[in-house]
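Trainee: sharing a sequence plus its predicted fold:
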Amino acid sequence: MEYLTLLWGTVLLRPYVFVFLAVYLTIAILDMGVVRSIVFTGLAYTIAFISEYSSTRNGFPYGFYSYIETTRDQELWISNVPFMDSLSFTFLAYVAYTMALFLWSPLKKNRWDIRLVENEHIRKSLKVVFSGGVLFMLMDIIIDPVAFRGDRWFLGKIYTYKEQGEYFNIPLTNFFGWLIVGTCILYCFTRLDGWLARNFPHQPHEIPAQALLGPGLYLGVLLFNLAVTFYIGEWLLGACGVGLTFALSWLLYYKIRNPEKITL
């Protein structure tokens, strides 16, 4: 009963996380089916939690940091890591994966009705895995500095690094860790995905512009964090984030204009 109370407190304390999670699950289930979506979510959460548990103790892979336990009696924690934090890795990894698939896969276009040409070899290719890891890490360039300033918005001050970092107080080792973890999540899932697809077949629902749903959520997460960045008055950080978001949006636009070309 106590865990249910804390879980409900997590939802009330971090509602935006669960909005993104709900949108992610909807998109993933439409694309992959329930079983593969559950596997992706469980796998991503497990790898994310292990990485955070490790880094808060020995500094690998993100560098030394620790969570501030002011909300332990208000939301669910797993050991010394807030449940919502590792949970957010699930939808961030998935949208990074959909971005990589969008950039590498041929597209079927009928004006703005854009869909991927399904290809199992591309879905599990190392170029998609590594590109997805890079795209996963690039999200954190915008997310982590504003999360670090959570005491200036409704997130609250939730963690601190052992030493001040080089990029808006965030150490560069953190981004290296995100690259490792994102690549690890996508590599493990893509090794399982072929077997899952054969044993739990799912016919993707025919939805207009289906290929844009995951990348749209990717950009939505970035825009949310950029809005918070400017809200708290971090103009230089916001300008860096706008530049990165514009570059990623241009990649998407270029691929839409050239559906058979590889952009990375």
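Mentor: Structure received.
Trainee: what's the next secondary structure element after the longest helix anywhere in the chain?
Mentor: Determined from DSSP state H, the single longest helix within the chain is helix 172-199. Heading C-terminal from helix 172-199, the first helix or strand you meet, by DSSP states H and E, is helix 213-231.
Trainee: other SSEs contacting that next one?
Mentor: Applying 3 or more C-beta pairs under 8 Å, 6 or more residues apart in numbering; DSSP states H and E, one finds that helix 213-231 makes contact with helix 15-32, helix 83-104, helix 126-148, helix 235-257. From N, CA and C alone the C-beta is placed, and that goes for glycine too.
Trainee: gap between the last one and the chain center?
Mentor: The reference is to helix 235-257. Chain-centre distance of helix 235-257: 17 Å, with C-alpha atoms, centre = their mean, to the nearest Å.
Trainee: contacts made by that helix with the rest, please.
Mentor: 99, 102-103, 107, 109, 114, 135, 138, 141-142, 145-146, 168, 215, 218-219, 222-223, 225-226, 229-230, 261, 263-264 (C-beta atoms under 8 Å, 6 or more residues apart in numbering).
Trainee: nearest residue to the middle of this structure?
Mentor: Centre of the chain computed as the mean C-alpha position; nearest residue by C-alpha atoms, centre = their mean is Leu92, 0.9 Å away.
Trainee: is that residue in contact with Phe136, as I believe?
Mentor: Yes: contact criterion C-beta atoms under 8 Å: Leu92 and Phe136 qualify, at 6.2 Å.
Trainee: picking up where we left off before, would you turn the helices and strands packed on helix 213-231 into JSON lines with mean pLDDT and distance to Phe154?
Mentor: Output for the helices and strands packed on helix 213-231, formatted as JSON lines (pLDDT from 0 to 100; distance: least, C-beta to C-beta, whole Å):
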{"stretch": "helix 15-32", "mean pLDDT": "94", "distance to Phe154": "9"}
{"stretch": "helix 83-104", "mean pLDDT": "96", "distance to Phe154": "13"}
{"stretch": "helix 126-148", "mean pLDDT": "97", "distance to Phe154": "12"}
{"stretch": "helix 235-257", "mean pLDDT": "96", "distance to Phe154": "18"}
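Trainee: same list, these, but as JSON lines with distance to Thr46 please.
Mentor: Output for the helices and strands packed on helix 213-231, formatted as JSON lines (distance: least, C-beta to C-beta, whole Å):
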{"stretch": "helix 15-32", "distance to Thr46": "16"}
{"stretch": "helix 83-104", "distance to Thr46": "8"}
{"stretch": "helix 126-148", "distance to Thr46": "16"}
{"stretch": "helix 235-257", "distance to Thr46": "28"}
